[in-house]
Structures are given as C-alpha cells and as structure tokens.
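[1] Starting from these lines, generate the structure:
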Amino acid sequence: MEKVKKAPASGKRLKRIEGVTGWLMITPALILFLGFVLYPAIRTFGLSFFDWDLLTDKEYVGFENFGKLFTDERLGTIIGNTLLLTAVSVVLKVALGFLLAYFVFRLQNKAGSVFMESAIFFPIIIPMSIISMVFVILFSTDTGAINGILYMIGLPKVPWLSSASMALWSVLIVDVWKGLGFFFIIYLVAIRNIPQSYLEAADIDGAGNAKKLFGIILPCVSATSLFLVINALITCLQLFEPVYLLTRGGPGDSSNVISYYIWSVAFQERDIGYGSVLALVLFVFVMLVTIAQFAISKFWVHYDE
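    Numbering: from 1, shown residues only. Predicted coordinates:
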C-alpha cells in the first residue's frame, strides 16, 4: 500500500523536474526574445506618438504620425513594390526549391547528387554584402558579364540597376539566388524522410512518377511547404540588405520597399516618429499574413496521424 501511495508523488516530482528543465532550456531564447523583439516593439509603439529627430527632445504629437500614412504619396508605390517582390520571390523560392530537391532526390549518381547539394546550398553561407558586390559588377551596363553574354548572342544590353523598369527585378534575382539553397535543402530532407513503405506500396500498385509526386510526395511535404511559405513571406516583407546594397531604392522609388523606406525615414530624414509608425504597419501586416497562412493551411496541409 505504501508503494501505491508514493507512486503519484514520484510522478508529480518527475513532471516538476521536466517542467523546470523545459523552462531552463528555453530561457536563453526567451531572454533574447524579450530583449531584442518584445522590448523594441513596445518602444517603437511608444515612439510613434512623438516627433523626434534624434538630436532634440521628443515632442508628444498624439496620432499625428499615423495621419501621415494617408498623405504619404510615396507609400503606395513602395507597398506595391514590396508586395510584388514578395509574391514573386516566394513563388520562385518555394517552387524552384522543391523542383531542385525532387530532381536531386531522383538523381541516381551519388557524386552528382553531392555536387548538386553543395552547389545549390553554397550561396547561403556567403554574406549578402559580398554577393551584392559581385552582382553590382555582373549587372554593370557596359562592363558586366551578364550584358556581355547578351551582346554575344545578339541581344541588347540591359541597364539592370539604373533602369526604373529593371531595378526591382535585379534585386529579386539576387534575393532568390541567395535564398534558394535554404528552401532546396529543407525540401530535400523532407522528401528523403518520407517513409519508404509509401513509395514501395505505390510501386506495387503500378503508380508512375507523376502519381507518386502528386499523390504521395507533395502531400507528405505539405507541412514543410507551410513552414517555408511563412518563412519566405516574413523574410521577403522585411527585405532590406539587397535593396540597400544594390539600388538604394532607386531610381526614384522603383525598387524601394517598406523595410528600406522605414530605415530612410527614421535615420536619413530623422523622423523617428513616422518611421516607428511604418514599422508598426509592417509588424501588423506580417502578423496578419502569418495568421492567414495558418488559417488556410487546414485546406492543403496534411499531417501524419
């Protein structure tokens, strides 16, 4: 009888230890979140009610900074650029990442598979600053290698970074080239982790490659696709580095996006209040897009029971 009475206490003690261990494990991440995400977000919300140029004292202006959203003639163009860049970048990264992963998965040559994995993933480890410097040279209208190739095949030179019609697409090319390896490697791991019994059963039933792709592989990696789509959306909506390093948002506002606009308003124009409002708009939009993705995921994401 005594052993029976002690068992629940032992179970509670174990649960308590597991709970304490869990909190200890997440404490470093929690501290980083509180210090570098939550606190700055609260401070940004507070600064949005002030007029401050970083040099003089803050002046409380209420909702005046929020009213600028409706009179800012540049904002519409910048939001349009951001949405266009995000939509195309997400589609290309997810689609190309999956297709490349599926191709490598089907590749029978081991050496070729290892080479493909290394080559596609390699840009991920290169800093964006170096990539941008290389692409500035490649995109040069007169001396760039890309226009040199176009000239050799009889096509006209393209002003990649100096044309209002091409600057945004140049940023897109760099962003996709840099980030594609992450999507590729995540998809490749997900495909390789599909239970072999599923594919063997499909072979026994006489299913072809197309049926296995659409009936087994795509549903099995749908949860991975959800993660990658959300990751791509959040990353692209906050894209800053390639815009800053390649075009500075120009010519005009043709390649300007919301993250770069926030930086330029806050630190070039020194309008911290309105910059904070723009940052809040971006934060709310990213949050709503993420919530919407999770809401519609039940219609296309399949989880193993």
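[2] Helix or strand: which one has the spatially closest residue to Ser254 that is not a sequence neighbour?
    The shortest distance from Ser254 to any non-neighbouring residue, by C-beta to C-beta, 6 or more residues apart in numbering, is to Ala164 (3.8 Å). C-beta coordinates here come from the backbone N, C-alpha and C atoms, glycine included. Assigned by DSSP states H and E, Ala164 belongs to no helix or strand.
[3] Tell me who's in contact with Ala164.
    Contacts for Ala164 (C-beta atoms under 8 Å, 6 or more residues apart in numbering) come out as 251-252, 254.
[4] ditto for Leu138
    Contact analysis of Leu138 by C-beta under 8 Å, 6+ apart lists 144-146.
[5] if we can go back for a sec, switch the contacts of Ala164 over to CSV; also include secondary structure and neighbour count.
    Below are the contacts of Ala164 laid out as CSV (DSSP: H, G, I helix; E, B strand; the rest coil; neighbours: other C-beta atoms under 10 Å):
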residue, secondary structure, neighbour count
Pro251, coil, 17
Gly252, coil, 11
Ser254, coil, 16
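[6] can you put those residues in JSON lines and add distance to Lys211 and pLDDT?
    Output for the contacts of Ala164, formatted as JSON lines (distance: C-beta to C-beta, whole Å; pLDDT from 0 to 100):
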{"residue": "Pro251", "distance to Lys211": "49", "pLDDT": "91"}
{"residue": "Gly252", "distance to Lys211": "50", "pLDDT": "90"}
{"residue": "Ser254", "distance to Lys211": "45", "pLDDT": "94"}
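[7] and of those, the nearest to Val88?
    Nearest to Val88 among the contacts of Ala164 is Ser254, at 15.2 Å by C-beta to C-beta.
[8] For the closest one, give its distance to Met166.
    To Met166, Ser254 is 9 Å away according to C-beta to C-beta, to the nearest Å.
[9] show me where pLDDT drops low in the protein?
    1-10, 304-305 (pLDDT under 70).
[10] Okay, domains of it per the record?
    Per the record, the chain has its domains at 1-47, 67-299, by automatic domain parsing.
[11] Nearest to Asp57 among those would be which one?
    Closest approach to Asp57 among the domains of the chain (C-beta to C-beta): domain 67-299, 12.1 Å.
[12] how long is that closest one end to end?
    Distance across domain 67-299, first residue to last, is 38 Å (C-alpha to C-alpha, to the nearest Å).
[13] just the helices in the stretch 151-300 of the chain please.
    Applying DSSP state H, counting those that start in this stretch to the stretch 151-300 of the chain gives helices spanning 167-192, 196-204, 209-212, 218-220, 222-237, 241-242, 258-263, 272-296.
[14] For the third one, buried residues please.
    To tie it back to what came earlier, the one meant is helix 209-212. Across helix 209-212, burial judged by 16 or more other C-beta atoms under 10 Å covers Lys212.
[15] which strands and helices sit next to it?
    With contacts taken as 3 or more C-beta pairs under 8 Å, 6 or more residues apart in numbering; DSSP states H and E, helix 209-212 sits against helix 196-204.
[16] packing partners for the helix it packs on?
    Counting by 3+ C-beta pairs under 8 Å, 6+ apart, the elements that helix 196-204 packs against turn out to be helix 209-212.
[17] Using CSV, write out the CA atom coordinates for the helix it packs on.
    In CSV, the C-alpha atoms belonging to helix 209-212 read as follows (Å, rounded to 0.1, in the frame of the first residue of the first chain):
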residue,chain,number,x,y,z
ASN,A,209,6.3,9.0,-61.2
ALA,A,210,3.6,11.6,-61.6
LYS,A,211,1.2,9.8,-59.3
LYS,A,212,3.8,9.3,-56.7
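[18] Separate out the buried members of the contacts of Leu138.
    Neighbour counting by 16+ other C-beta under 10 Å classes 144, 146 among the contacts of Leu138 as buried.
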